[in-house]
Structure formats: structure tokens, C-alpha cells
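Need a 3D model of the following:
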Amino acid sequence: MLVVGFPVGQLQANCYVLAPAEGGQCVVVDPGQDAVESVTERLRRHRLTPAAVLLTHGHFDHVFSAADLCRAHDIPAWVHPADAYMLTDPGAALGPQGRQLFDGVEVSVPPDVRELTDGAKLDLAGIRFEVTHAPGHTGGSVMFGAESDEGGRLLLSGDTLFPGAIGRTDLPGGDHERMLETLRNSVLPLEDETVVLPGHGPTTTIGRERAGNPFLQDLVEASTSSGPAVGDSDPSL
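This is a model prediction of the structure:
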């Protein structure tokens, strides 16, 4: 499988282009702020044609270029319905100060928006993606699982899991208890060899995070005792 990841925009959110191989169809994940030029360059370099845009959640740094790419290539965008409102109101989940960033900004919405549901399996561009609803960072956050031709497992975690950290939960729509539930039920059970492609920062693996991420360690320790999980999210992510 071809996996091309690169940061875009002021917040350096990771955008990914995935394809079975060069010279065919691909899927674009999280084309955020100022992503069009970077995505177009990767499409040209690898001779790819996008079949769909997948969105891990609705924050502007992950979705802002989705409409332009969808219109340019006549493709749909997939998002969880709980986060779809951010496509028309990107400042809604950023709080009063964040909303000011979009005063006077004309917002464009993908012409074909489709709903992601928990447990869905999407066959797109020759890749099967498994959708896991992962609320916590936002109410409609999702993670996408996929399997490479070599048998390796990939997890596009969005802003749920980062190397050594988890996504912040202090913005509107965030919920720390739901984040811990997502980590406990949907992240910890994954195999150690699963490669994590996060929404910010470098790649990691589930095994590495299980061993060194303090938020996952807290949950592991809590599962072996009656004490509650502790810890707080990284407010910078």
C-alpha cells in the first residue's frame, strides 16, 4: 500500500493520501487548511486519482480544503453526522475566541457529504476501511482501520491518539470521560503491531503507545485495580 502523509496549515495537521499502488485511485484523509496544493502535488507525483475524502472529525484544520478537492474531482466527502455541522460553521467547536477566526470567511461545503457510522466498512479505491466511532476530542470523531497488502494493520487515529499524548477535550463537543472510554474500548484492544497515523505529529504503533503513553498506561493500571483512570489531555493538540 502507498501511504503518503504530510502536514498542512497553521496547525500542521496531517493529511494522508492512501492507495493500493501508484498510478490508480486513492483516498484523501483530512485535507485541512491550505491542503489543495500539497495534495495536488502528491497526486501528480504518484499518478493518482482521488475517489473520496475521509474526515476523522470536523475541526477546520482537518477539513478546510475538503470542499475544494471534492468539487475539483467530483468525489464525496465522508464525515460522522455528529461533526457535520462544522462543515458549515467551522468556528462552532472552537469557542468564542476561535470563532473570531472565521468572521467574514466564506465557507464552502462539499457538494456530496455522506455519513460515517460506527462499524461501517467502506471499500474505496481498492482499500477497505473499517470505521470506529471514537468520541472524546469531538462528538463525531472517528478512526479508520485498514490492512495493507503485506498484512500489516493501519489506524488513522485523527486527534484521538498521538505519540505520547491524546487529543484535547476542552473545546465545545469534547468530553474527557468519553475520550477515556474510546481509548479503553477501541484503542487498547488493538494489536501492538498496528501502525498509528495520527492527526498531528509522527507515526507510532499501538505497542509503543501502550508502553509509553501515560494516558494509556493509566487505563491499563486502572483495569487491574479499582482506582479510577487519571490524567488529562494535551491542550496543545
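
Please enumerate the strands of this protein.
For the chain, strands defined by DSSP state E occupy the ranges 2-8, 13-19, 25-29, 49-54, 77-79, 113-115, 121-124, 127-133, 142-147, 153-158, 161-162, 165-166, 195-198, 204-205.

between those strands, which one is nearest to Pro96?
strand 13-19 (22.0 Å; Cβ to Cβ). No exception for glycine: its C-beta is placed from N, CA and C like everyone else's.

can you give me how far the closest one is from the chain middle?
10 Å (Cα atoms, centre = their mean, to the nearest Å).

swap in stretch 169-177?
With Cα atoms, centre = their mean, you get 16 Å for stretch 169-177.

before we move on, back to that, check the strands of the chain for me and report the most buried one.
strand 161-162 (a mean of 26; mean count of other Cβ atoms under 10 Å).

Quick check: can you name the pairing partners of it and their directions?
strand 165-166 (antiparallel) (DSSP bridges).

The partner strand - what's its average pLDDT?
Mean pLDDT, strand 165-166: 97.

In the protein, where is pLDDT below threshold?
Across the chain, the ranges flagged by pLDDT under 70 are 97-105, 223-237.

Not counting residues beside it along the chain, what's closest to Gly174?
His137 (6.0 Å; Cβ to Cβ, 6 or more residues apart in numbering).

wait, what's in contact with the one you found?
57, 158-160, 166-169, 174, 179 (Cβ atoms under 8 Å, 6 or more residues apart in numbering).

Apply 7 Å and report the result again.
57, 159-160, 167-169, 174, 179 (Cβ atoms under 7 Å, 6 or more residues apart in numbering).

What is the nearest of the residues you listed to Pro111?
Nearest to Pro111 among the contacts of His137 is His57, at 20.5 Å by Cβ to Cβ.
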